[in-house]
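Asker: Sequence and predicted structure, then a few things I'm wondering about:
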Amino acid sequence: MEWLRRAAVAGEWYPGKPAGLAAAVDRYIADARPDPLPPLRAIVAPHAGLMYSGPVAAFSYKAAQKTAYRTIVMIGPSHFVPFRGVSIWPEGEWETPFRRVRVDQELAAGITAAAPAIVVDRPDAHGREHSLELQLPFVAHLWPGVEIVPLVMGQQTRDTAFAIGEAIAVAVAARPGDVLLVASSDLSHYEDAPTAAVMDAVVMRHVQALDVEGLMSALEREPRHACGGGPIVSVLQASRRLGATQARLLQYADSGDVSGDKSSVVGYMAAALW
């Protein structure tokens, strides 16, 4: 098969033309003012429609922007296709309004070899999925020429989340300075803003403490804390194995900050690990 992943929500969830998309990303990056940080191992960024989540995601990407990464490993949840394990896009390219972004085939193969939970024969898991596509406006615009490794997690079990974290760490260890890990996740969905803030604080507390086990246990008790909780666990696990010792919450907001409707919101977090 031809390993070309076509853009699924360009022109709907974010501007579909290069000039309009660049203007939006540049505006969000200019408005984001995270504290200066050392080179990052990983970030957490949301994946809603760009007008909602972009102002928050920009904090993560601006914090990482000064480092010249060669590859960005992205892992997000599957919203549409149920399956066991994690589906990797192993080669080829991903389409964006800016350009096609190449997959780092060598690193993808390394992650695949290190994790029995990786499946290659589920490209359908990526077809309609927006959780990774919503990272690409930042990735493709801020790092021209960067390569990616796209991973979509199906059932977010403890075994899968930890196994993928370990596999990423093993594969990335040989290239410690030029790979950024991205966990794509929104937080609670469709609660009123005060309830959402309480639920979302649980995830943020564990992320800031690099508390992988605590986060996984919290998600097992209440999966509604984060749609991409499993991917966050994987990235925290991989980051710790690769030497990360600190994490910081960079920004928190909810969809009501844009829509004005605080009765039913989606929570968004930006975080950095190093």
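Answerer: Noted; the coordinates are in hand.
Asker: isn't Glu93 right up against Arg99?
Answerer: No. Here Glu93 lies out of contact with Arg99, judged by Cβ atoms under 8 Å, at a distance of 9.1 Å. All C-beta spots, glycine's among them, are computed from the backbone N, C-alpha and C.
Asker: and the gap between Arg241 and Gly165?
Answerer: 7 Å (Cβ to Cβ, to the nearest Å).
Asker: okay, these two: which has more neighbours?
Answerer: Neighbours per residue (other Cβ atoms under 10 Å) separate Arg241 from Gly165, with Gly165 holding more: 27 against 16.
Asker: Confirm the more buried one sits in a helix?
Answerer: Yes. Applying DSSP: H, G, I helix; E, B strand; the rest coil, one finds Gly165 inside a helix.
Asker: Give me the helices and strands touching the least confident helix or strand in the chain by mean pLDDT, please.
Answerer: Lowest mean confidence among the helices and strands of the chain (mean pLDDT, DSSP states H and E): strand 118-119, at a mean of 94. Packed against strand 118-119 by the contact rule (3 or more Cβ pairs under 8 Å, 6 or more residues apart in numbering; DSSP states H and E) you find strand 86-88.
Asker: who's in contact with Leu219?
Answerer: Going by Cβ atoms under 8 Å, 6 or more residues apart in numbering, Leu219 touches Gln156, His225, Ala226, Gly229, Gly230, Val233.
Asker: Next up, phi/psi of it, please.
Answerer: With angles defined as degrees, to the nearest 10, Leu219 sits at phi -70, psi -30.
Asker: Specify the beta-bridge partners of the most centrally placed residue in the chain.
Answerer: Closest to where the C-alpha atoms of the chain average out (Cα atoms, centre = their mean) is Ser184, at 2.2 Å. On the basis of DSSP bridges, Ser184 is bridged to Ala45.
Asker: Is it in contact with Leu134, as I believe?
Answerer: Yes. Taking contacts as Cβ under 8 Å, Ser184 lies within contact range of Leu134: 7.1 Å.
Asker: Compare Glu93 and Arg99 (neighbour count), which wins?
Answerer: Taking neighbours as other Cβ under 10 Å, Glu93 and Arg99 compare with Glu93 leading, 17 against 14.
Asker: And the pLDDT for the more buried one?
Answerer: Looking at Glu93, its pLDDT stands at 98.
Asker: How about it: what's its closest non-neighbour residue?
Answerer: Sequence neighbours aside, Arg100 is the residue nearest to Glu93 in space, at 4.1 Å (criterion: Cβ to Cβ, 6 or more residues apart in numbering).
Asker: residues in contact with that neighbour?
Answerer: Going by Cβ under 8 Å, 6+ apart, the list of residues near Arg100 reads Leu4, Glu93, Trp94.
Asker: Secondary structure and distance to Ala114 for the residues you listed - can I get that in CSV?
Answerer: Shown next, in CSV, are these (DSSP: H, G, I helix; E, B strand; the rest coil; distance: Cβ to Cβ, whole Å):
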residue, secondary structure, distance to Ala114
Leu4, strand, 26
Glu93, strand, 24
Trp94, strand, 22
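Asker: Might one say that Glu166 is in contact with Ala114?
Answerer: Yes. Look at Glu166 against Ala114 with Cβ under 8 Å: they come within range, at 7.2 Å.
Asker: sorry, back to before: who touches both of Ser184 and Leu134?
Answerer: Contact with both Ser184 and Leu134 is made by residues Pro46, His47, according to Cβ under 8 Å, 6+ apart.
Asker: Can I get stretch 152-159 as CSV, trimmed to CA atoms?
Answerer: Extracted in CSV, the C-alpha atoms of stretch 152-159 (Å, rounded to 0.1, in the frame of the first residue of the first chain):
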residue,chain,number,x,y,z
VAL,A,152,-2.7,5.9,17.9
MET,A,153,-3.6,4.0,21.1
GLY,A,154,-6.7,1.8,21.0
GLN,A,155,-7.8,0.4,24.4
GLN,A,156,-6.0,2.4,27.0
THR,A,157,-5.1,-0.4,29.3
ARG,A,158,-2.3,-0.3,31.9
ASP,A,159,-0.3,-3.0,30.1
